[in-house]
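Chemist: I'll drop the sequence and a predicted model, then ask my questions.
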Amino acid sequence: MKRRSLIALLGASSLSAPARAQAPRKARVGILIGAASDANEYALEALRLGLRDQGFTEGNNLVVERQIDRDGSDESLTRAAKALADWSPDVVLAANTSPVKAMRQAAPDVAIVMLAIGDPVGSGLVASVARPGGRTTGLSGLDAELTGKRLELLKEVAPGTSKVGLLASPDNPVFAVQLRNAEAAAKAQGVELLREDVHRTSELEDAVAAIARRGATALLRLGGFRSADALQKLGALTTQYRLPFCGDRLLEVRGGLLMSYGPNVAAEFRQAAGIVARILRGADPAVLPVESPQRFELALNEAAAKRLGLVFPAVVRARATAVIDF
């Protein structure tokens, strides 16, 4: 009996080892988030739901690893990208231009799905929208078109607007592209841009004061300055100088600013999940066209409008997807 038991045990062992070795490898999806991104938990949950819809579920056939640039410096972003590269992901989803570039540097052969990129061609991330030509594809944020739309909104909310202050961030890696798009949009709208360069949050007060002295009656911002501290300062300054402001993210309106217009961040992440899934199934990112966001949101802050002595026109309110009153 002992001999037969031993033979049975050895037989079971010889069968189970190959079976374990043949277990399918789980897909590995990395996420690299920059310090200025508003890709919070709700956006990441949208990504997970999108991947689930595509048949990829954590704990089953998917593993997700997230790295966040906590400090907002080149060094901390490089460290986060390297940590993700060392994890050996199959695909990395990266939000904003700097994280995409950092990830490409850290892992040149890894497929990257980009998000929240205003001009991927002008930024040098892809050869063309129709045929990216490398290891990067994803979604483009339509920077030029959206800047024009924000100018339109400012003119609707503050009729007679002809001079708009522009808080510019020349340290932004895509500043030249953003500035070119803003200037083209302003020319098409018959608006003069009054540019003031800002390198850090502490310079916002002097920059907005200078813009007001130059005769601006509204305000835009290119890149950066989405931290809670920056939003608080912008809210106070736009009220002090009575400058209607239009940003690009809902979080700015929740932070007390007048309005924003841009892609719905959660919807972008869910849309990107479809691109990630295609790459996991073998698609070549070089030939996957860059997609445009499918959902946009116009957010209005009634309390901010009251502080500025403004009333949102009915046609603007009718288009709003979110109205906040605090």
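Modeler: Okay, I see it. Numbering: from 1, shown residues only.
Chemist: which intervals of this protein have sub-threshold pLDDT?
Modeler: 1-23, 36-39 (pLDDT under 70).
Chemist: try it again with 80
Modeler: For the chain, residues meeting the criterion pLDDT under 80 lie at 1-23, 35-40, 70, 72, 141-144, 172-174, 223-224, 226-228.
Chemist: And the strands in it?
Modeler: 27-33, 62-68, 91-95, 111-117, 136-140, 163-168, 192-197, 218-221, 246-247, 259-263, 296-301, 322-324 (DSSP state E).
Chemist: packing partners for the fourth one?
Modeler: Using 3 or more CB pairs under 8 Å, 6 or more residues apart in numbering; DSSP states H and E, the elements in contact with strand 111-117 are strand 91-95, helix 97-106, strand 136-140, helix 265-280. Backbone N, C-alpha and C define where each C-beta goes, glycine included.
Chemist: Give me whichever of those is most buried.
Modeler: Neighbour counts (mean count of other CB atoms under 10 Å) averaged over each of the helices and strands packed on strand 111-117 peak at strand 91-95, with a mean of 28.
Chemist: Now do that strand: everything it contacts.
Modeler: 27-34, 37, 39, 47, 84, 100, 102-103, 107, 110-116, 138, 269, 272, 276, 279-280 (CB atoms under 8 Å, 6 or more residues apart in numbering).
Chemist: how far does it sit from the chain's center?
Modeler: 11 Å (CA atoms, centre = their mean, to the nearest Å).
Chemist: what's the angle between it and strand 62-68?
Modeler: If you take axes from the mean of the first three to the mean of the last three CA atoms, to 10 degrees, strand 91-95 sits at 40 degrees to strand 62-68.
Chemist: Just checking: what are the partner strands of strand 91-95?
Modeler: strand 27-33 (parallel), strand 111-117 (parallel) (DSSP bridges).
Chemist: Next, count neighbours for residue 169.
Modeler: 20 (other CB atoms under 10 Å).
Chemist: does it really touch residue 222, like I thought?
Modeler: Yes - the pair residue 169 and residue 222 passes the contact test of CB atoms under 8 Å, sitting 5.8 Å apart.
Chemist: Between the two, which contacts overlap?
Modeler: With CB under 8 Å, 6+ apart as the test, residue 169 and residue 222 both reach residue 175.
Chemist: Find the nearest non-adjacent residue to residue 316, please.
Modeler: residue 156 (5.5 Å; CB to CB, 6 or more residues apart in numbering).
Chemist: Number of residues surrounding that neighbour?
Modeler: That count, for residue 156 with other CB under 10 Å as the rule, works out to 14.
Chemist: got the contact list for it?
Modeler: Residue 156 neighbours (CB under 8 Å, 6+ apart): 313, 315-316.
Chemist: rewinding a little: tabulate the strands of the chain in a markdown table, adding columns for distance to residue 151.
Modeler: Listed next are the strands of the chain as a markdown table, based on distance: least, CB to CB, whole Å:
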| stretch | distance to residue 151 |
| --- | --- |
| strand 27-33 | 29 |
| strand 62-68 | 33 |
| strand 91-95 | 25 |
| strand 111-117 | 20 |
| strand 136-140 | 20 |
| strand 163-168 | 7 |
| strand 192-197 | 9 |
| strand 218-221 | 7 |
| strand 246-247 | 8 |
| strand 259-263 | 10 |
| strand 296-301 | 14 |
| strand 322-324 | 20 |
